[in-house]
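[1] What follows is a predicted structure for the sequence shown.
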Amino acid sequence: MKRTFLGEFEEIVLLVVAGCSEDAYGVVIWEQLQQQTGRNITISAVHATLYRLEEKGFLSSQMGGATAERGGRRKRFFTVTALGSRALQEIQVLRDQLWKAIPQGKLQLIGQ
Amino acid sequence: MAMQKEKFEPQNRLNDSFEPPRWPARLLEWFVAPHLREDLQGDLYEIYQKRVEQVGLARAKWEYTWAVLHYLTPFFFKRQPKQYPQPFFLNPAMIRNYFKIAFRNLSKSKGYSFINITGLAAGMACSIVLFLVIKHETSYDKKHTNGERIYRVETENIKEKQTYPGTYTGMVNALDSDVPEVESVSALFKVWGKTFSVPASDKRFKESFVYADNKLFHLLDYQWVVGDKHTALSQPNTVVLSRAYAEKYFGTTDVIGKTLQLDGKQDLQVAGVLENPPTTSSFPFTMLVSFSTIKNTDPGFDLNKWNGWGDNFQVYVLLKNGLRPEQLTQRFSNIVLKYMGKEALPDKRFVLNPLSELHYSSNMSGRTANVELLKTLSFIGLFVLLIACFNFINLTTAQAFKRAKEVGIRKAVGSNRLSLVYQFLTEAWLITFCAALLAVILAQVSLPLVNDTLSIPLTISDLFTWQMALFVIGLVFVTALLSGIYPAFRLSGMAPIWALKSNPFAQGKPLFTLRQGLVVVQFTISLVLISSALLVNRQLGFFRNADLGFNKTAIVTVGLPDNSPAKLQLLRSHLTESPKIKEVSFSFNSASAESNWMQNMEYRQSEKVIPIKTQMKMADANFLSTYGIQLLAGENLRDSDTSSTSFKVVANEVFLNRMGINRPADAIGQKVYYGDGQEFATIVGVMKNFHVNSLHQKIDPTVYQVVPNNFYQAGIKLPSDKLETMQAALAHIEKSWKATYPNHVFEYKFLDETLAQAYESETRTAKLIGISTFLAVLIACFGLFGLATFTAEQRTKEIGVRKVLGASVLSVWGLLSKEFVYLVLIAFVIATPVAYYFLQDWLTKYEFRTELSWWIFALAGLGALAVTLLTVSHQSIKAALLNPVKSLRTE
């Protein structure tokens, strides 16, 4: 199988979903994202990414029950799949390797 | 499908929730793919609620709109492929299924299917027969090579506004010499009642034939068995026969050079044989005699006559290429000017009538298409078909409640509407197809009847042509669509939840349903037809029984091949020697006849000249007594009143009226002038008015005069019209006639029968309207019967309860019949003015007519009511007699 890569935004969204303590659905994820990153993100971008991640198999979703506060419409709850968590872990391993490859003190030097 | 469409609109909205802006919400609803739509809308809604509280309504709205706009990308628009692919609704398996279900439904409700199929078959048979008739009537004279260039020269009396098919004999020469635009001129002269015989054999027949020359074969296309079209009729005393006639006289078509004898005097040589003419020809000649023969057979015949014409002499022209008949108008006025003089111009005109029009006016074949009748028939045929279609619609929608469950379940398991529509259309199509098969058989069976009533030569083979096949296919298609489309959409449109309820039709009846409307239309049409049938028959009865002013019963007419005084004297003495004969009168024609002798007369009153167009009754002295015509004043004529120095006439009351004389006695001795204005006759008597024409026309001013050389028939009055005396008398007449005219064929006619022929067209109309009325009423009753059955079925429980509570049979019968009676009453109210309008209009074209009295409509209404009650009663009484235990027990 061809390996699918995660983009930067996708990675962040996936991490946010993984990090959600409560049931993660569109609005919650959107709010979390803005809070964590401090960026101004449109809800449509979040939706598009969530669905795309679901298509790629990193996320799965389930419809919840109807509630009056959403005009009778159901929520879609996202959870990270096994494939998703492995992908996140692989990324982390890769990053760690890369971090270790950097000579000590180099970044500090460039930074100053 | 229908389930999915239901929207999740907030049912009990909380007080603190705010509706997002309408148009962006709709845009979102429409744009975003269904599988993403719900949670996405929900999220936006949730955010919106929050933002309203945080930043206020206006800004939240704006943000919502802005967010929605961000969704307008292909990603959100793309629809998810369906999990189960929808098969094309017309794939073979589905079609097989449609047919299977249709067959099951047909055989399940046999009664309704029978009503539907028979009704539609009757309606379609009508259309098929009408198509045949119209196709036949419009196919005359189509196959001639030069057809578009052939015209008949017709004579028009401008003042009378009447055009006659015949023209002056001088026209042939005039056209030849004065009209260079004409390529060929052909004259035809038709003669009736001549005896043809094969010498030295007993083959002897009375025939009509035509004088013609070779130009006829140049004009029209004939198929020759033997003979040459360039020379066949160029010699005098030659004759051309049709195949059938060659065989009739000689038993073979190898007849060139054989001899036929005309009237026992003139020998004619057979010069050719033609194939039998097609039935669709206005020139179906069986015997053609060369024109030059006329010098021998009728020496007095003037071939250059300009002062009188008859319809039997017709002139046909072949115009040169590219000429229109209007271009010859000036030529024809020049002919009038040159041959008839300046004074004829305002009243005479010659017109060219194209070949294609001949079948619709008087022509030599004796068959004329009655366009009016055809139009009426087409309308009636259409109505009958419509009534049958209405039956179908009514019965199918009435049965809807039976099918409702089926439709509901089909929809619940996922049938879409279109496939249901196809299901119902297949059923309609199947019924119509069966009906069409039956209709073709019906048409075939009824063809002889149609031929007889319309006097049209249709054959079975006309029924099986490709045009007919095409027509039937079209008819099936249109009928199936007409009768099936409404029920199909109506039934397939039911919401499944409603259709699956136990009694879906119990609630909310509309005041007036389509079904009732259709029944009203059916009965309106039937009522109009019934009253028309009644009126036409009444008018016909009026024609038959009207007082004609003379006695038409027990009068036999025979022809006079030779009217020399000696022969007439001989015949009279033979006839009158027996007491079986009451009286004999020799005359030009009968007291009332279709072809008459008209003459212009003048009454000169000092300075004033009154022209009177007069009908001549030329007869011997026994005329008035034989026909029972009353003499009002003066005296009867004598057989000797023939001297040219003192002509004597008897005039009728209308003639006196024109003269301006009121008292009959005053007219005696008055002179009337005629001919060149010098000759005159004296009125010696006045006779009471009698109908000299058929009752379609007014009574002409008429004078009666003794002119022996114009006697062509004998009217023989018998003492009684009892069958046995008549037969004896007829035997005596035949014996006397044959003794007088040994070489001729004896034929006789009863005057009352001859007169009845004038009303053939009305008789035909009456028959046809009668038949179609019967069909229309029958089909409508079929439908009514079906509806009544349905109502009774549907209300079984109600009737059961009513009976338990003590309703009588009569009251239940009344309950069930009432609604149909109402419908007929409404139809009556609509039909009466419509029928009154049309029938009044129809009556005005008759000079002598019966009145349109109220009882015709009353009778039609009562008849329809009686038929309705009869039809409905069977079902309602059956329902009323049913044991309530039975109807209430089962659920």
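    On my side now, so go ahead.

[2] pretty sure residue B:186 belongs to a strand, no?
    Yes - residue state for residue B:186 (DSSP: H, G, I helix; E, B strand; the rest coil) corresponds to a strand.

[3] I'd say it and residue B:218 touch.
    Yes - contact status for residue B:186 versus residue B:218: in contact at 7.5 Å, counting by C-beta atoms under 8 Å. (Glycine included, C-beta is placed from N, CA and C.)

[4] Among those two, which residue is more densely surrounded?
    Comparing residue B:186 with residue B:218 by other C-beta atoms under 10 Å in any protein chain shown, the one with more neighbours is residue B:186, at 21 against 15.

[5] Spatially nearest residue to that one, not counting backbone neighbours?
    Leaving aside its sequence neighbours, residue B:186 sits nearest to residue B:215 (C-beta to C-beta, 6 or more residues apart in numbering or on different chains; 4.1 Å).

[6] so what sits against both of residue B:186 and residue B:218?
    residue B:318 (C-beta atoms under 8 Å, 6 or more residues apart in numbering or on different chains).

[7] quick check: longest helix of the chain.
    You didn't say which chain, so I picked chain A. helix A:82-101 (DSSP state H).

[8] that's the wrong chain, I wanted chain B
    helix B:417-454.

[9] Would you mark the buried spots in the next helix or strand after it?
    Scanning forward in sequence from helix B:417-454 by DSSP states H and E, the next helix or strand is helix B:460-463. Neighbour-count burial for helix B:460-463, counted by 16 or more other C-beta atoms under 10 Å in any protein chain shown, picks out B:462-463.

[10] Identify each buried residue in the very next helix or strand once past helix B:460-463, please.
    Next helix or strand after helix B:460-463 toward the C-terminus (DSSP H and E): helix B:466-492. Residues B:468, B:471-472, B:475-476, B:479-484, B:486-488, B:491-492 are the ones in helix B:466-492 that count as buried (16+ other C-beta under 10 Å).

[11] which element is the residue of the stretch 451-600 of chain B found nearest chain A on?
    Closest to chain A within the stretch 451-600 of chain B is residue B:497: 20.2 Å, counting by C-beta to the nearest C-beta. Assessed by DSSP H and E, residue B:497 sits inside helix B:496-499.

[12] Can you read off the pLDDT for residue 3?
    Defaulting to chain A. Residue A:3 is assigned a predicted lDDT (pLDDT) of 57.

[13] other chain: chain B
    Residue B:3 is given a pLDDT of 39.

[14] Quick one: list the elements packing against the helix holding residue B:497.
    helix B:400-412 (3 or more C-beta pairs under 8 Å, 6 or more residues apart in numbering or on different chains; DSSP states H and E).

[15] next one: the helix it packs on to chain centre, how far?
    On the basis of C-alpha atoms, centre = their mean, to the nearest Å, helix B:400-412 sits 45 Å off its chain's mean C-alpha point.

[16] Give me the buried positions along it.
    B:400-401, B:403-404, B:407-408, B:410-411.

[17] again with stretch B:572-592
    Here stretch B:572-592 shows B:572, B:574-575, B:580-592 as buried, counting by 16+ other C-beta under 10 Å.

[18] ok, now stretch B:448-458?
    Buried, per 16+ other C-beta under 10 Å, within stretch B:448-458: B:450, B:453-454, B:456, B:458.

[19] who does the nearest residue to residue B:227 once chain neighbours are set aside bridge with?
    In space, residue B:227 comes closest to residue B:272 once its chain neighbours are excluded; the distance is 2.2 Å by C-beta to C-beta, 6+ apart. Judged by DSSP bridges, the bridge partners of residue B:272 are residue B:240.

[20] Tell me which residues touch residue B:272, please.
    By C-beta under 8 Å, 6+ apart, the neighbours of residue B:272 are B:224-229, B:232, B:240-241, B:256.

[21] if I look at it, how far off is chain A?
    Counting by C-beta to the nearest C-beta, to the nearest Å, the gap between residue B:272 and chain A amounts to 94 Å.

[22] per-residue confidence for that residue?
    90.

[23] Surely residue B:817 touches residue B:877?
    No - with contact defined as C-beta under 8 Å, residue B:817 does not reach residue B:877; the gap is 9.4 Å.

[24] Neighbour count for these two, which is higher?
    More neighbours surround residue B:817 than the other of residue B:817 and residue B:877, with 20 against 17 (other C-beta under 10 Å).

[25] so how many other residues sit close to the nearest residue to that one once chain neighbours are set aside?
    Sequence neighbours aside, residue B:872 is the residue nearest to residue B:817 in space, at 4.9 Å (criterion: C-beta to C-beta, 6+ apart). Other residues lying near residue B:872 total 26 when counted by other C-beta under 10 Å.

[26] helices and strands around the host helix or strand of residue B:872, which ones?
    Assigned by DSSP H and E, residue B:872 belongs to helix B:854-881. Here helix B:854-881 touches helix B:514-545, helix B:760-794, helix B:796-804, helix B:809-843, going by 3+ C-beta pairs under 8 Å, 6+ apart.

[27] by how many degrees do that helix and helix B:760-794 diverge?
    On the basis of axes from the mean of the first three to the mean of the last three C-alpha atoms, to 10 degrees, helix B:854-881 is oriented at 30 degrees to helix B:760-794.

[28] Specify the angle between helix B:854-881 and helix B:809-843 in degrees.
    Between helix B:854-881 and helix B:809-843, the angle comes out at 150 degrees (the same axes, to 10 degrees).

[29] Which parts of helix B:854-881 count as buried, going by neighbours?
    Under the neighbour-count criterion of 16+ other C-beta under 10 Å, helix B:854-881 has B:856-857, B:860-861, B:863-865, B:867-869, B:871-873, B:875-877, B:879-880 buried.

[30] if we can go back for a sec, may I see the contacts of residue B:272 arranged in CSV, with secondary structure, neighbour count and pLDDT as well?
    Converted to CSV, these look like this (DSSP: H, G, I helix; E, B strand; the rest coil; neighbours: other C-beta atoms under 10 Å in any protein chain shown; pLDDT from 0 to 100):
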residue, secondary structure, neighbour count, pLDDT
B:224, strand, 14, 89
B:225, strand, 16, 90
B:226, strand, 17, 89
B:227, coil, 21, 87
B:228, coil, 12, 87
B:229, coil, 16, 85
B:232, coil, 26, 87
B:240, strand, 30, 93
B:241, strand, 29, 92
B:256, coil, 14, 89
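
[31] Mind putting the residues you listed into a markdown table with distance to residue B:279?
    Listed next are the contacts of residue B:272 as a markdown table, based on distance: C-beta to C-beta, whole Å:
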| residue | distance to residue B:279 |
| --- | --- |
| B:224 | 19 |
| B:225 | 18 |
| B:226 | 23 |
| B:227 | 23 |
| B:228 | 26 |
| B:229 | 22 |
| B:232 | 24 |
| B:240 | 20 |
| B:241 | 18 |
| B:256 | 27 |
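
[32] what's the closest of those to residue B:674?
    residue B:240 (41.0 Å; C-beta to C-beta).

[33] show me the contacts for the closest one.
    Residue B:240 sits next to B:227, B:232-233, B:270-274, B:287-288 when contact means C-beta under 8 Å, 6+ apart.

[34] Same check on residue B:486?
    B:393, B:397, B:514.

[35] Can you name the residue of the stretch 151-300 of chain B nearest chain A?
    Closest point on the stretch 151-300 of chain B to chain A, by C-beta to the nearest C-beta, is residue B:280, at 76.3 Å.

[36] For that residue, grab the count of nearby residues.
    Neighbours around residue B:280, by other C-beta under 10 Å: 19.

[37] What are the buried residues along the helix or strand hosting residue B:726?
    Here residue B:726 sits within helix B:723-740, counting by DSSP H and E. Neighbour-count burial for helix B:723-740, with 16+ other C-beta under 10 Å as criterion, is recorded at B:726, B:729-730, B:732-733, B:736-737, B:740.
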